[in-house]
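[1] got a predicted structure plus its sequence, pasted below:
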Amino acid sequence: MKKTEETIMRHITKDITNEGVTEYIASFYRPLTEDLANLRREADKTAIPIILPETENFLSTLLDIIRPKRVLEIGTSVGYSSMFFAQKVLDTGISRPSIFTIEKDEETYDLALRNISDLGYDKYIHCLLGDGEEVINSLLDDGIEKFDLAFIDAAKSHYMRFLEATLKVMRPGGIILVDDTLFQGRPALDPEEPPRKHRTNVKALREFNEAVAFDPRFSTSLLAVGNGLTIIKIL
Ligand SMILES: C[S@@+](CC[C@H](N)C(=O)[O-])C[C@H]1O[C@@H](n2cnc3c(N)ncnc32)[C@H](O)[C@@H]1O
């Protein structure tokens, strides 16, 4: 698939589909709580990436459908999505959610701990410091109870190893969600050799997207929601 520079530039925008459509979809977004709305505003102000409103909307309905009790997340950042998961699980009528979230960066981890405690979610969320794969392996060694749902939202070039690690701690039939799999539309629209700045991520995402789409262990869909969201049902 050969593309001219012009075609590529025309397609690559912040929105992976169409700006107007994305805005329209995002207009239906309502925050779960005022605290979460404030944290989203703060993250936006400081340009800290958290799940997009339209991704959150989709996750919200999905959680109403699956009603998970135990959620594993790789990529805590400031704790926004882990608190969204905790609140949403509570809203589905499950009284004691258990959210495990892993963050590699120590400063970010400390900030997440503070946010989670300030907003009163610390009884539901276990924040773990370290690399996603390594922490999962240590949870496995400790005989952790399996998870119903996982959300992978960390370094894009490591998605494959995060996925393989996550699979070891999922219950049969569990669901794994992977965010940013369309990364500004680049895996689809960049030339075969992507611009140097994005080369590693785009190449890794292309390999990842193809591998999970055709893996007989899964039923997989890559959705043009937010920055691309992959939903993997373990068969
Ligand atoms: C996009 S942010 C996560 C946003 C968060 N899920 C939310 O929506 O509120 C990605 C985070 O993953 C962390 N991260 C990067 N590599 C990681 C790794 N190998 N293991 C665990 N976390 C990692 C980064 O430090 C960053 O805070």
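    Nice, I can see it.
[2] C-alpha coordinates for the helix or strand containing E210, CSV please?
    Using DSSP states H and E, E210 sits in helix 199-213. Written as CSV, here are the backbone C-alpha positions of helix 199-213 (Å, rounded to 0.1, in the frame of the first residue of the first chain):
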residue,chain,number,x,y,z
ARG,A,199,9.0,4.0,14.1
THR,A,200,9.3,1.7,17.2
ASN,A,201,5.7,2.3,18.3
VAL,A,202,4.1,2.0,14.9
LYS,A,203,6.0,-1.2,14.0
ALA,A,204,5.3,-2.8,17.3
LEU,A,205,1.6,-1.9,17.1
ARG,A,206,1.3,-3.2,13.5
GLU,A,207,2.8,-6.5,14.7
PHE,A,208,0.6,-6.6,17.8
ASN,A,209,-2.6,-5.8,15.9
GLU,A,210,-2.0,-8.4,13.4
ALA,A,211,-1.0,-11.1,15.9
VAL,A,212,-4.0,-10.7,18.1
ALA,A,213,-6.4,-10.4,15.2
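[3] what lies in contact with stretch 193-204?
    156-160, 183, 186-187, 190 (CB atoms under 8 Å, 6 or more residues apart in numbering). For the C-beta atoms, the positions are set from N, CA and C on the backbone; glycine is no exception.
[4] swap in 10 Å and give it another go.
    Outside stretch 193-204, the residues within contact range by CB atoms under 10 Å, 6 or more residues apart in numbering are 8, 12, 155-160, 180, 183-184, 186-192, 205-206.
[5] and this protein, which residues reach the ligand?
    Residues of the chain lying near the ligand by CB under 6 Å from any ligand atom: 49-51, 74-75, 77, 80-81, 102-105, 108, 131-132, 153-155, 158.
[6] narrow those residues to those in helices?
    Of the residues of the chain next to the ligand, the ones assigned to helices by DSSP state H are 80-81, 108, 132.
[7] turn those residues into TSV, columns for pLDDT.
    What follows is these, written out as TSV (pLDDT from 0 to 100):
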residue	pLDDT
Y80	98
S81	98
T108	98
G132	98
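[8] turn those residues into CSV, columns for neighbour count and distance to R41.
    Below are those laid out as CSV (neighbours: other CB atoms under 10 Å; distance: CB to CB, whole Å):
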residue, neighbour count, distance to R41
Y80, 22, 11
S81, 24, 15
T108, 17, 18
G132, 27, 28
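[9] ok so, going back, out of the residues of the chain next to the ligand, which end up buried?
    Buried subset of the residues of the chain next to the ligand (neighbour count, 16 or more other CB atoms under 10 Å): 50-51, 74-75, 77, 80-81, 102-104, 108, 131-132, 153-155, 158.
[10] that concludes my questions; thank you for your assistance.
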